[in-house]
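**Q** Below is the sequence, then the predicted model.
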Amino acid sequence: MEEKTSFWSRITFSDIVDWTLIPILMVGVVISVYIWLLLPIEPGSMEANIIGDPVSGFSNVWAAVLQHLKLIGISSVLAILAAVPAGILITREGFRDFADIILGVANFGQSVPSIAILALFMGIMGIGAPTAIFALWLYALLPIVRNTATGIDEVSADVIEAARGMGLTNRQILFDIELPLSFPVMFAGIRTASVINVGTAALGAFIGAGGLGNFIITGIPLSRERMILIGAILTAVMAVMVDWILGKIEDRLVFRRE
């Protein structure tokens, strides 16, 4: 009973606002989209065939949201699995000479326009979700690699020397000292890459990957502002929520480490 009391006593008004403001605002935006953009769609219209209507439902919108999340989730996880080890590798003695090469490969995804990357690999891998996922993976590498390497390099040399003096091996120093201390910087790169991928994933619709971009690229040539707005607003809401969720995860993990 005392633990519950102490827990609730630590919650302040600013904590409540911090945890509820963004979700409430985003729910309000989604409700507004439903009321002002989805409900007025007339059954049998061109928009109804692509998006849905109040009679048949809006399963196409849900399918597009799930496709978008799939593109983001798979590409971001693959980027983390590749970029974090690469970032660690270029901070190790004997591998620092390869830093320019690894960063150059990772920088390719950021320096070349995302639509150009999609077009390039569409010619190699064909159309569909796998090509979009590969392009998004490449696009997400640089922030994670760079932040991982930067976070480790910023660990104080005095701390490393103290750890060596205590008899810790290089492996123990990496996992017990360097990675925990560099985690906030590293996670910031993961957060940045994931949010960037939300917007970039909309371009995957150009190569048949699906997602919310379908509504945008279909609405533009047809001059259907409603379709464009639905795709654009829901993509923006998803980007805000991904950033908010990852921010809360980061805060919780950092708090536990402290």
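**A** Perfect, thanks for sending it.
**Q** which parts of the helix or strand hosting Ala119 are buried?
**A** Using DSSP states H and E, Ala119 maps to helix 114-125. Along helix 114-125, the positions that meet the burial threshold by neighbour count (16 or more other CB atoms under 10 Å) are 114, 117-118, 121-122. All C-beta atoms are positioned from the backbone trio N, CA, C, and that covers glycine.
**Q** Now flag whichever of the residues you listed is closest to Ser76.
**A** For Ser76, the closest of the buried residues of helix 114-125 turns out to be Ser114, at 14.9 Å, with distances computed as CB to CB.
**Q** Give the closest residue to the closest one in space, chain neighbours not counted.
**A** Beyond its immediate neighbours in the sequence, the residue positioned closest to Ser114 (CB to CB, 6 or more residues apart in numbering) is Thr200, lying 4.8 Å away.
**Q** how about the helices in the stretch 101-250 of the chain?
**A** Along the stretch 101-250 of the chain, counting by DSSP state H, counting those that start in this stretch, helices occupy 114-125, 129-153, 157-165, 170-173, 179-200, 213-222, 225-257.
**Q** got the buried residues for the fourth one?
**A** Of all the residues in helix 170-173, those buried under the rule 16+ other CB under 10 Å are Ile173.
**Q** same check, this time on the fifth one
**A** For helix 179-200, burial by neighbour count (16+ other CB under 10 Å) applies to 179, 181-183, 185-200.
**Q** Convert it to CSV, retaining C-alpha atoms only.
**A** What follows is helix 179-200, C-alpha atoms only, in CSV (Å, rounded to 0.1, in the frame of the first residue of the first chain):
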residue,chain,number,x,y,z
LEU,A,179,27.5,1.0,-24.7
PRO,A,180,25.6,2.0,-21.6
LEU,A,181,27.2,5.5,-21.5
SER,A,182,26.6,6.0,-25.3
PHE,A,183,23.1,4.6,-25.3
PRO,A,184,21.3,8.0,-25.2
VAL,A,185,23.2,9.2,-28.3
MET,A,186,22.8,5.9,-30.0
PHE,A,187,19.1,5.7,-29.4
ALA,A,188,18.7,9.3,-30.7
GLY,A,189,20.0,8.1,-34.0
ILE,A,190,17.6,5.2,-34.1
ARG,A,191,14.7,7.6,-33.2
THR,A,192,15.8,10.0,-36.0
ALA,A,193,16.1,7.2,-38.6
SER,A,194,12.7,5.8,-37.7
VAL,A,195,10.9,9.1,-38.0
ILE,A,196,12.6,9.9,-41.3
ASN,A,197,11.5,6.5,-42.6
VAL,A,198,7.8,7.3,-41.8
GLY,A,199,7.8,10.1,-44.3
THR,A,200,10.1,8.4,-46.8
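**Q** Please compute how far that helix lies from its chain's middle.
**A** Its chain's C-alpha centre and that of helix 179-200 lie 8 Å apart, by CA atoms, centre = their mean, to the nearest Å.
**Q** how far away is Ile90 from Asp153?
**A** When CB to CB, to the nearest Å is the yardstick, Ile90 and Asp153 sit 9 Å from each other.
**Q** Those two: which has the busier surroundings?
**A** Residue environment comparison for Ile90 versus Asp153 gives the larger neighbour count to Ile90, 22 against 15, counting by other CB atoms under 10 Å.
**Q** how far away is that one from Asp243?
**A** Noted for Ile90: a distance of 27 Å to Asp243, by CB to CB.
**Q** now Val240, nearest residue through space, not along the chain?
**A** Taking CB to CB, 6+ apart, and ignoring the residues beside it in sequence, Val240 has Met26 as its nearest neighbour in space, at 6.0 Å.
**Q** Fine, thanks again, bye for now.
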